[in-house]
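Engineer: Quick one, fold the following:
(one chain, ligands or ions: 2)
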Amino acid sequence: MIPGLKDPGLFRTQAFIDGTWTDGAPDTRISVSDPATGGGIALVASVSVAQAAQALDSAAAAWSAWRAQTAKARADVLLDWYRLVLEAREDLALILTSEQGKPLAEALAEIDYGASYIRWFAEEARRINGAILPGHRSDVLLSVRKEPIGVVAAITPWNFPNAMITRKVAPALAAGCPVVLKPASATPLSALALAELARRAGVPAGVFSVVPSRDSATIGTLFATSGVVRKLTFTGSTEVGRLLLAQAAGTIKKCSMELGGNAPVLVFDDADIPTAVQGVLAAKFRNAGQTCVCANRIYVQSGIYTAFAAALSDAVKGLTVGDGRQAGIAIGPLIDEAAARKVETLLADAVGQGARIAVGGQRAGAGGTFFQPTVVAEVTAAMRLVQEEIFGPVAPLVRFATVEEAIALANASDHGLAGYLFSQSPATIERITNAVEVGMLGINTGAISTEVAPFGGVKQSGLGREGAQLGMEDYLETKYVCQQF
Ligand SMILES: NC(=O)C1=CN([C@@H]2O[C@H](COP(=O)(O)OP(=O)(O)OC[C@H]3O[C@@H](n4cnc5c(N)ncnc54)[C@H](OP(=O)(O)O)[C@@H]3O)[C@@H](O)[C@H]2O)C=CC1
Ligand SMILES: O=C(O)[C@H](O)CS(=O)(=O)O
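Structural biologist: Ligands and ions are numbered 1, 2, ... in the order given. Take a look at the predicted model:
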């Protein structure tokens with residue numbers, strides 16, 4: 001149980017299948033722990049493959065009635081869900097921080113961000129328009145219709161255990177598609193609370209099921225290979241996304257992939273230093289650096305390097321580390337011991353090759369997975385800090401000299417999710433905007449995520465877009481009709 005919940009009914013530990021709370025497989029449960037204390041907070045049902053298959057079958061059975069609802073009726077249910085989520089935002093944030101660790105202020109922001117996707121797609125539900133085309137013959141009527149793709153299987157990560165779910169479930173339901181969700185095992189409670197609120201909002205049985213499982217690989221294989229599933233949507237690491245794509249090939253399944261990132265930041269000599277520092281703080285240290293759009297490699301032009309490094313270091317020293325439930329905390333714990341150890345390994349590799357720790361560099365506090373917000377200077381492209389997604393509160397600074405060098409460095413990655421640019425030169429901004437290989441670019445800002453814009457990457461950062469009007473397309477099929485008079 002989580003102390004302090006106003007509505008204990010949101011603390012759910014069973015699976016939610018076909019509108020019913022149900023135990024999982026016997027003798028297997030998911031142990032959910034609090035990353036700040038290491039203590040256990042829940043034992044959650046872990047479903048069997050048969051139960052996950054049952055959830056898919058119940059979704060298929062519910063599909064025809066859900067798609068037959070008017071767009072307005074589906075929108076009304078989503079708006080009720082939106083209202084209930086906002087009414088429960090403090091409980092949802094407390095559940096989220098308890099299982100994921102981010103500071104409560106960030107958790108509240110995530111609940112609002114997640115809710116914004118529900119509202120956005122409630123509105124988009126009523127704008128899924130088709131078209132009448134000018135015929136190629138005088139005796140035909142040509143039309144194009146948008147139809148719900150069918151049963152959607154979704155798999156989501158632990159770092160945004162609320163918003164990554166609504167960013168998929170809301171457009172699917174808006175389009176007329178039922179969803180079966182497998183949430184991350186580290187953070188199932190947020191997903192189950194969302195399911196309870198969806199139930200209260202009137203989402204019909206079978207239209208939204210949540211099947212936590214300790215055996216994610218087996219459930220993922222079921223989702224990717226089942227003939228019942230028409231659409232697979234995944235957010236998580238590139239390696240898992242690659243595996244799922246391969247598994248889905250057998251059924252030519254439509255897939256959306258929001259995968260790993262390795263965001264470059266380019267700070268030019270003409271940048272406004274306070275703006276660049278604030279932008280890097282926002283893009284680097286949100287969620288203790290555990291976001292796919294985090295600033296991962298910070299390239300600083302040689303003329304501003306020393307001044308920027310000093311200003312950033314001063315700002316980072318002011319970031320407080322601690323339990324996210326305490327007031328004023330900026331950096332919570334990393335999700336688990338493996339994450340903390342990975343950060344240590346990457347730092348050791350960099351220092352071993354001549355990098356210099358300007359701020360931080362160590363675990364914070366006595367024990368646990370807290371890590372000091374860290375600035376590393378004199379980093380080079382040969383270091384793992386630059387080559388790999390850090391997923392921790394570490395800001396590596398790399399020098400560069402020219403615009404052409406900056407472009408080459410920024411694009412030297414298999415990933416291309418987000419990127420950031422700090423300059424006051426229109427010519428530099430235009431040059432970089434056209435040349436950098438990313439799906440999303442922040443210019444003189446480090447905060448770019450919003451439901452109104454298409455979220456997604458290029459290269460091995462994924463396929464498809466979430467949010468915006470584009471985000472609805474992933475849950476629709478197009479039908480062209482040629483009617484002879
Ligand atoms: N592009 C984007 O929008 C985002 C990308 N990410 C990326 O995700 C990574 C970190 O998140 P993380 O949760 O660790 O990513 P993972 O890929 O490890 O896990 C994501 C989800 O996939 C499940 N999973 C793990 N292995 C398999 C498998 N073999 N088959 C099917 N499902 C599987 C996990 O289940 P379980 O929890 O049981 O392991 C979890 O639900 C980073 O690379 C980050 O960049 C994260 C968020 C957003
Ligand atoms: O998991 C992520 O990194 C999210 O996509 C981050 S965001 O959408 O809040 O930027």
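
Engineer: Could you report the neighbour count for the residue in the stretch 101-250 of the chain that ligand 2 sits nearest to?
Structural biologist: Closest to ligand 2 within the stretch 101-250 of the chain is Phe160: 4.4 Å, counting by Cβ to the nearest ligand atom. Where you see a C-beta, it was placed from the backbone N, CA and C, and this is true even at glycine. For Phe160, the neighbour count with other Cβ atoms under 10 Å is 28.

Engineer: Just the element for it, please.
Structural biologist: Take DSSP states H and E as the rule and Phe160 turns out to sit in neither a helix nor a strand.

Engineer: you'd agree it is up against Thr291?
Structural biologist: Yes: counting by Cβ atoms under 8 Å, Phe160 touches Thr291, with 7.3 Å between them.

Engineer: show me the contacts for the residue of the stretch 101-250 of the chain closest to ligand 2.
Structural biologist: Shown in contact with Phe160 (Cβ atoms under 8 Å, 6 or more residues apart in numbering): 110, 114, 287, 291.

Engineer: separation between it and Leu244?
Structural biologist: 19 Å (Cβ to Cβ, to the nearest Å).

Engineer: Identify the residue nearest the most centrally placed residue in the chain in space, chain neighbours excluded?
Structural biologist: Centroid-nearest residue in the chain: Met164, 4.5 Å away (criterion: Cα atoms, centre = their mean). Distance criterion Cβ to Cβ, 6 or more residues apart in numbering; nearest residue to Met164, sequence neighbours excluded, is Thr156 at 4.5 Å.

Engineer: count of residues packed around that neighbour?
Structural biologist: Neighbours around Thr156, by other Cβ under 10 Å: 27.

Engineer: Check Arg12 too.
Structural biologist: Neighbour count for Arg12, taken as other Cβ under 10 Å: 22.

Engineer: That one against Thr20, yeah?
Structural biologist: No: Arg12 is not in contact with Thr20 according to Cβ under 8 Å; the separation is 11.9 Å.

Engineer: Alongside ligand 2, which residues does the stretch 351-485 of the chain contribute?
Structural biologist: For the stretch 351-485 of the chain, the contact set with ligand 2 under Cβ under 6 Å from any ligand atom comprises 449, 455.

Engineer: what ranges do the helices span in the stretch 351-485 of the chain?
Structural biologist: Shown for the stretch 351-485 of the chain, the helices assigned by DSSP state H, counting those that start in this stretch span residues 384-387, 403-410, 426-435, 470-473.

Engineer: List the backbone torsions phi and psi for Gln460.
Structural biologist: Here is the backbone geometry of Gln460 (degrees, to the nearest 10): phi -90, psi 20.

Engineer: who touches it in this structure?
Structural biologist: Neighbour list for Gln460: 238, 242, 259-260, 414-416 [criterion: Cβ under 8 Å, 6+ apart].

Engineer: Close to ligand 1 as well: tell me which of those qualify.
Structural biologist: Counting by Cβ under 6 Å from any ligand atom, 259-260 from the contacts of Gln460 sit close to ligand 1.

Engineer: Serialize the contacts of Gln460 to CSV and add fields for neighbour count and pLDDT.
Structural biologist: Below are the contacts of Gln460 laid out as CSV (neighbours: other Cβ atoms under 10 Å; pLDDT from 0 to 100):
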residue, neighbour count, pLDDT
Thr238, 22, 97
Arg242, 13, 98
Leu259, 25, 98
Gly260, 22, 97
Asp414, 11, 98
His415, 24, 98
Gly416, 24, 98
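
Engineer: Now for the residue in the stretch 301-450 of the chain that ligand 2 sits nearest to, how many residues are close by?
Structural biologist: Nearest to ligand 2, among the residues of the stretch 301-450 of the chain, is Ser449, at 3.3 Å (Cβ to the nearest ligand atom). For Ser449, the neighbour count with other Cβ under 10 Å is 16.

Engineer: for Thr450, same thing?
Structural biologist: 13.

Engineer: I figured Thr291 was touching Pro157, is that so?
Structural biologist: No: in this structure Thr291 lies outside contact range of Pro157 using Cβ under 8 Å: 10.0 Å.
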